[in-house]
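Enquirer: model this:
(one chain, ligands or ions: 1)
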Amino acid sequence: MSERLYGCVEAGGTKFVLGIAAAPDDIRETVQFETRTPIETIGATLQWIKDAQFRHGPLAAIGIASFGPLELDRGATNWGYITTTTKKGWSDSDFGALTGRELGLPVGFDTDVNGAAIAESRWGAGRGKAACVYVTIGTGIGGGAIIDGKPLHGLSHPEMGHIRLPRHPNDIHFPGICAFHGDCLEGLASGPAIKARWGVSLSDLPSDHPAHEIISWYLAQMVVTLQSIMEPGCIILGGGVTGTPGLLGRIRTKASELGGGYFRGRPDEVIVSPGLGDRAGLLGGLALAQDMVSVVNTP
Ligand code: ZN
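Expert: This next block holds a predicted model:
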């Protein structure tokens, strides 16, 4: 059987990364550019993929792992749209359906975090686990749950960044920055929430600064919440904030304390760093594209 090639799109709020790949270790070409208006950025994406097929040959499918929120119901008239995003100019933008029409190919379409979660589950830190969760903690906080290889969807994709938490006793006056909820998890522990309180990123604060205790406590609360709901085999913590030296260890210690020895798995085995590094986004596009071919070929 000849090798299938896939178009992979990691569509972020600040940059787009595109690639042509046959497998995670067989990426033929990549390119990236800044996210501008939908017309410019999606137009450039479609043109690059069209041109890439002349260089590499025909593609079997496209996978788009996009910033959201997204319409993922394939029965909806606006399937494949970016819906009510706070990113200026992008609300109500057709992306997935337009890509399918323009390129004449099956399109896998899901959130960037679900894409990264599938990729981590298939090829990275979540390999071999029946259930895993990937959470990114950066400009925002978002999470995807993978169960038996498939991302969990309800009416839409999960919005794990917006869970409500008890307030840390030394952090009771900060109102939080979430536009919808104020002091939800994203409103308290995302990169911008850290900067709003202390003026710099967590990694720029000395290791004895109280911010480390407060932020790791919130993230440990999230971990214990996820364990309570689904006892995933691993909870993979990615995103810019998690690059802070010592943070992962603090989260493990606090999650153990908060969990009271109730949950299975050693903290250093359950609470882990991503295995794919910064490739998780693009490989999310690959995983979504591959799944379209297996869906299409299923009798
Ligand atoms: Zn919120």
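Enquirer: can you list the residues of this protein near the ion?
Expert: 162, 178, 180, 181, 184, 186 (Cβ under 5 Å from the ion). C-beta: built from backbone N, CA, C; applies to glycine.
Enquirer: Would it be right to say that the last one lies in a helix?
Expert: Yes. With the criterion set as DSSP: H, G, I helix; E, B strand; the rest coil, the secondary structure at residue 186 is a helix.
Enquirer: wait, it sits on residue 140?
Expert: Yes. Counting by Cβ atoms under 8 Å, residue 186 touches residue 140, with 5.5 Å between them.
Enquirer: anything in contact with each of the two?
Expert: Taking Cβ atoms under 8 Å, 6 or more residues apart in numbering as the contact rule, residue 186 and residue 140 both touch residue 161.
Enquirer: so how far is the ion from residue 33?
Expert: 30 Å (Cβ to the ion, to the nearest Å).
Enquirer: Parallel or antiparallel, list what pairs with the helix or strand harbouring that residue.
Expert: Here residue 33 sits within strand 26-34, counting by DSSP states H and E. Here strand 26-34 is paired, per DSSP bridges, with strand 15-23 (antiparallel).
Enquirer: need the strands for the stretch 51-200 of the chain, in chain order.
Expert: Ranges of strands within the stretch 51-200 of the chain are 61-66, 81-82, 93-94, 107-111, 131-137, 141-147, 150-151, based on DSSP state E, counting those that start in this stretch.
Enquirer: Out of those strands, which is closest to residue 191?
Expert: strand 131-137 (7.7 Å; Cβ to Cβ).
Enquirer: Could you give the average pLDDT over that closest one?
Expert: Averaging pLDDT along strand 131-137 gives 97.
Enquirer: same check, this time on stretch 168-182
Expert: Per-region confidence: stretch 168-182 scores 96 on mean pLDDT.
Enquirer: residues making contact with it?
Expert: 86, 162, 164, 183-184, 186-188, 190, 192-193, 196-197, 210, 213-214, 217-218.
Enquirer: Please repeat the previous calculation with a cut-off of 7 Å.
Expert: Contacts with stretch 168-182, where a contact means Cβ atoms under 7 Å, 6 or more residues apart in numbering, come from 86, 162, 183-184, 186-188, 192-193, 196-197, 210, 214, 217-218.
Enquirer: same deal with stretch 95-112?
Expert: 10-12, 42, 46, 49-50, 59, 61-68, 70, 72, 79-82, 142, 144, 151, 157, 281, 284, 288-289, 291-293, 296.
Enquirer: related to what we said a few turns ago, out of the residues of the chain next to the ion, which are buried?
Expert: 162, 178, 181, 184, 186 (16 or more other Cβ atoms under 10 Å).
Enquirer: All good on my end, thank you.
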